[in-house]
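[1] Any chance you can model this:
(chains A and B)
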Amino acid sequence: MNLVSAVRRGDWQVVFGYAFFVALLTGGYYYNVTFVQLGLLDLGTRLVGLSEAAVSGWMATLALVTLATAIAFGVSMDRRGWSSSLDAKLRILLGVVVAQVLLTAAAPFVRTAPQFGAWIILASVSMGVGFPATFALTIDFVAVRDRGAVAAAATALTYFLANVYPLNWQVESFSRVVVAAMLPGVVLLGVLVFRPPAFVGRLSRHHEQFGVGRFCHSGPVSVREAAFVAPLVLMFGVFFVDSLGFLRILDTPSLVLTSWQSPDFSMHLTLGVVHVVGAVMAGVLYTSFDRRVLFLAAFGLFSFTHLLYTFDIRVAMWFPSLTTGPSSPLNPAFYAVAVSFYTTLNFALWPDLSTPDTIGTHSAIGIGLAGFLSTFLSTALALYFQSTSVTLLDHLNLVNALALLLFVGLVVGTYLGRMHTLWEGRNGEPN
Amino acid sequence: MANPIELIPLLVVVFLLVGVQGGAVESMEIVTDGTHTVTEIPDVYVVGGGESTIPANASVSGSVYVIGGTADVQGTVDGDVTQLSGNLTLGPTAVVTGDTQYIAGSLDIDDGATLESLTTAETLAAQSSSPGRGAVFVVLQTVVLAVAAGLLVRRFEFAFDTVGRAITGHPVVSGVVGLLVTATTLALVVFMAMTIILIPVSILGVGVGALTVAYGHLVYGYLVGRRLPIDRPDVSAAVGVVVVAIALELLGVVPVVGTLVQLALVVVSLGAILVTYFGLRPFEPVSLPT
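    Residues are numbered from 1 along each chain as shown, chains lettered A, B, ... in the order given. Okay, the predicted model is just below:
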């Protein structure tokens, strides 16, 4: 690892780059998985007084606006050369973080539907600008061979923190935590932008060495190529499966109160530790195997997790008396591992499919379409299921079927791909 | 009320026991709540909760398993009675024509009860914890493994070499793969057993897992054997297996840490076996730019 050799050499400037990037990615993702995904639901329903369906509609709007902003901004970043300029990216991020601090601090005071809508639009724009800029920093701070490990570290930290604090899923708690966490970030970014230490100049040249991603060494990958489209579709599938299943689990008190919203702190700690273990495993696999292995593991784990959930529900149907006991801790634990797997992959994949000229666009399209569009669509589908009174078992069964389909599809696709290669090789041979 | 966390694993044990004994799991009846007076049972009757009573004048034919709740036998059971948990009462007029096995739970046997045989956890433990018996088992197991190592290395040394290289060269990757596969496979085996219909596949999975763990043991023996001053690889592997067996026994004496090291060794060897396709292909991690 470059990081390990930097530590051994005592090259603290490089080490700072790694630590800064992990902190930035962790902060951004923590904001997304806690404040945006959980806090807004509480804000909309409890403080503004909207129905859950109306808040879900606004969340879908947030996903679409973020997607549109991200793609427009990511493309602009590449065209204007900001993607390879560390100074430009730091300035953009400073603006984003300041905007998000203000928005987050203001959130608990939102009381009307128009205020809520305006808040959602502003937050979407800030996120749409923020995530391509954050991902584009990979080429300044993280060597290609260390990306799996760095992605694993950010995933582990994010989910560990999100599981252990805050336990109370109320917007006021999230607001306090996120503002407190962001303020040191504002100060640090301010120093790096307005009083940059000398080593920032050195870090800004790293993209010449770190810029070409792992999957671009035989040539740049275009967004129209299968090498980009295939992982995009698969990542979309993972996000969709996760989001569609988790939305229903969150809506089922017997499942969520014994796991992610358990009053027992040891449950939160266990889930946090399981996330860390899952992230470390994913980091090792990403560094050692082809990305397909990680996709297979993620789909396999999701299939298995939903199999466990649906099995429990069926057992409860057969033996109603069993439903009175606590639900199995195995299910959320496997869920946590699956989520850590694909999050790690998501953090490392898009920079590794990019060069300094394309990282803005590729990150925006990758995360925008796979992450935000899938969230939009899964939310819409979950709302439709809710309106048609689809049962918990049927809902999770469908998620399970989707995960299995993607798992089998990937296996078959990989096999057919190899067959195609062999066929091409055979036809190319002289008779 | 029955607790699923306790009950489901015990149910799996019952499924496996019935499956191994060739019983008819498809005609199994499981009771989890309510009060029942039982005068007729299918081949297998499982008390998981509530209260089931076989009255004094009744005679039922089949196996009875108690894994929760209360079973009160006052009549005749023409078959085995096995208690894994819960409460079991064998009253003064109770007759059990098969074996009565007590593993855990609360058991109350009246002096007037007629039992063909009674096996308790204490007698089983006394049998299995006999030092002489334990030592003989370990020695026999080691001899079998050593012979297997000698024979297999003579014919498939390349496979042992390949797995060994993965263990020594990529222990972290092997460990991660081993841990992932072990965790999911264990859960999968349990859940397959619970579908009843997949019990044979579940048992097969346990068998394949045990053989794979044994293969890992042999590979460790091969690796240790290579460092011994013995020229013939088959002989060195056999001796290495004996050394590894002794080392594992010694590790077992160390509380907690010893067990964790044993588990880590198993997980790493499983991963190494899998990433090398049982030794058929060397494991090479993807090449990353420096």
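[2] Where does the prediction get shaky in the chain?
    You didn't pick a chain, so chain A it is. For chain A, the stretches flagged by pLDDT under 70 are A:1, A:166-167, A:318-327, A:426-431.
[3] nope, chain B please
    Short version for chain B, where the test is pLDDT under 70: B:1-6, B:8-9, B:19-26, B:121-134, B:194-196, B:290.
[4] Where is the longest helix in it?
    Counting residues, the longest helix found in chain B (DSSP state H) is helix B:131-169.
[5] Could you pull out the buried residues of that helix?
    Neighbour counts over helix B:131-169 (16 or more other C-beta atoms under 10 Å in any protein chain shown) mark B:142, B:145-146, B:148-150, B:152-153, B:157, B:159-167 as buried. Placement of C-beta: from N, CA and C, glycine included.
[6] Stretch B:226-245 too?
    Buried residues in stretch B:226-245 (16+ other C-beta under 10 Å): B:233-245.
[7] Find the residue at the geometric middle of the chain.
    In the absence of a named chain, this looks at chain A. The centroid of chain A falls nearest to A:Thr343 when counting by C-alpha atoms, centre = their mean (5.0 Å).
[8] look at chain B instead
    What sits nearest the mean C-alpha location of chain B, by C-alpha atoms, centre = their mean, is B:Val206, with 7.7 Å.
[9] Can you name the helix or strand that that one falls in?
    Using DSSP states H and E, B:Val206 sits in helix B:199-226.
[10] Which neighbouring elements make contact with that helix?
    Using 3 or more C-beta pairs under 8 Å, 6 or more residues apart in numbering or on different chains; DSSP states H and E, the elements in contact with helix B:199-226 are helix B:4-20, helix B:131-169, helix B:171-194, helix B:233-253, helix B:257-275.
[11] Please repeat the previous calculation with a cut-off of 6 Å.
    Judged by 3 or more C-beta pairs under 6 Å, 6 or more residues apart in numbering or on different chains; DSSP states H and E, helix B:199-226 is in contact with helix B:131-169, helix B:171-194, helix B:233-253, helix B:257-275.
[12] Enumerate every residue touching A:Ala297.
    By C-beta atoms under 6 Å, 6 or more residues apart in numbering or on different chains, the contact list for A:Ala297 reads A:Phe341.
[13] Tell me which helix or strand it sits in.
    Counting by DSSP H and E, A:Ala297 is found in helix A:291-318.
[14] how about that helix: buried residues?
    Buried residues in helix A:291-318 (16+ other C-beta under 10 Å): A:291-313, A:315-316.
[15] before we move on, the earlier item: mind putting the buried residues of stretch B:226-245 into CSV with distance to chain A?
    Below are the buried residues of stretch B:226-245 laid out as CSV (distance: C-beta to the nearest C-beta, whole Å):
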residue, distance to chain A
B:Pro233, 29
B:Asp234, 32
B:Val235, 35
B:Ser236, 30
B:Ala237, 28
B:Ala238, 33
B:Val239, 33
B:Gly240, 28
B:Val241, 29
B:Val242, 33
B:Val243, 30
B:Val244, 26
B:Ala245, 30
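[16] Give me the domain ranges for chain B.
    B:4-127, B:130-275 (automatic domain parsing).
[17] export the ones you listed to TSV and tack on distance to A:Arg9?
    Output for the domains of chain B, formatted as TSV (distance: least, C-beta to C-beta, whole Å):
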stretch	distance to A:Arg9
domain B:4-127	51
domain B:130-275	23
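[18] quick revisit: which residue is the nearest non-sequential neighbour of the residue nearest to the centre of chain B?
    B:Val189 (6.1 Å; C-beta to C-beta, 6 or more residues apart in numbering or on different chains).
[19] Count the residues that sit near that neighbour.
    21 (other C-beta atoms under 10 Å in any protein chain shown).
[20] how far away is it from B:Gly207?
    Going from B:Val189 to B:Gly207 by C-beta to C-beta, to the nearest Å gives 10 Å.
[21] ditto for B:Gln141
    B:Gln141 is 16 Å from B:Gly207, where distance means C-beta to C-beta.
[22] what does A:Ala6 give?
    49 Å.
[23] Of these two, which one has the most company?
    Set A:Ala6 next to B:Gly207 and count neighbours by other C-beta under 10 Å: A:Ala6 wins out with 19 against 10.
[24] name the element the more buried one belongs to?
    helix A:2-9.
[25] can that helix be found next to chain B?
    No: against chain B, helix A:2-9 shows no contacts by C-beta under 6 Å from any C-beta of the partner chain, the least distance being 7.9 Å.
[26] After that helix, which helix or strand is next?
    Scanning onward from helix A:2-9 (DSSP H and E), the first element met is helix A:12-30.
[27] same for that next one, what does it pack against?
    Applying 3+ C-beta pairs under 6 Å, 6+ apart, we find helix A:12-30 packed against helix A:2-9, helix A:147-164.
[28] Dump those helices to CSV, plus distance to A:Leu38.
    Shown next, in CSV, are the helices and strands packed on helix A:12-30 (distance: least, C-beta to C-beta, whole Å):
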stretch, distance to A:Leu38
helix A:2-9, 32
helix A:147-164, 9
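[29] winner for burial among those helices?
    Mean neighbours per residue, mean count of other C-beta atoms under 10 Å in any protein chain shown, is largest over the helices and strands packed on helix A:12-30 for helix A:147-164, with a mean of 24.
[30] distance between that helix and the chain's centre?
    For helix A:147-164, the distance from its own C-alpha centre to the chain's C-alpha centre is 11 Å (C-alpha atoms, centre = their mean, to the nearest Å).
[31] residues in contact with that helix?
    Outside helix A:147-164, the residues touching it (C-beta under 6 Å, 6+ apart) are A:22, A:25-26, A:29-30, A:33-34, A:142, A:268, A:271-272, A:275-276, A:279-280, A:282-283, A:286-287, A:340, A:343-344, A:347-348.
[32] Which members of those residues are positioned in helices?
    Using DSSP H, these in helices are A:22, A:25-26, A:29-30, A:268, A:271-272, A:275-276, A:279-280, A:282-283, A:286-287, A:340, A:343-344, A:347-348.
[33] re the thing from before, quick check, nearest of the buried residues of stretch B:226-245 to A:Val15?
    Nearest to A:Val15, judged by C-beta to C-beta, of the buried residues of stretch B:226-245 is B:Val244 at 40.7 Å.
[34] which SS state does B:Ile30 fall under?
    strand (DSSP: H, G, I helix; E, B strand; the rest coil).
[35] Next up, the contacts around it.
    B:Ile30 makes contacts with B:Val46, B:Gly48, as judged by C-beta under 6 Å, 6+ apart.
[36] How much space separates it from B:Gly68?
    In terms of C-beta to C-beta, B:Ile30 sits 10 Å off from B:Gly68.
[37] overlap in contacts of the two?
    Contacts common to B:Ile30 and B:Gly68, judged by C-beta under 6 Å, 6+ apart, are B:Gly48.
[38] Is there proximity between the host helix or strand of A:Leu396 and chain B?
    Per DSSP H and E: A:Leu396 is located in helix A:392-428. No: counting by C-beta under 6 Å from any C-beta, chain B has no neighbours in helix A:392-428; the shortest distance is 12.4 Å.
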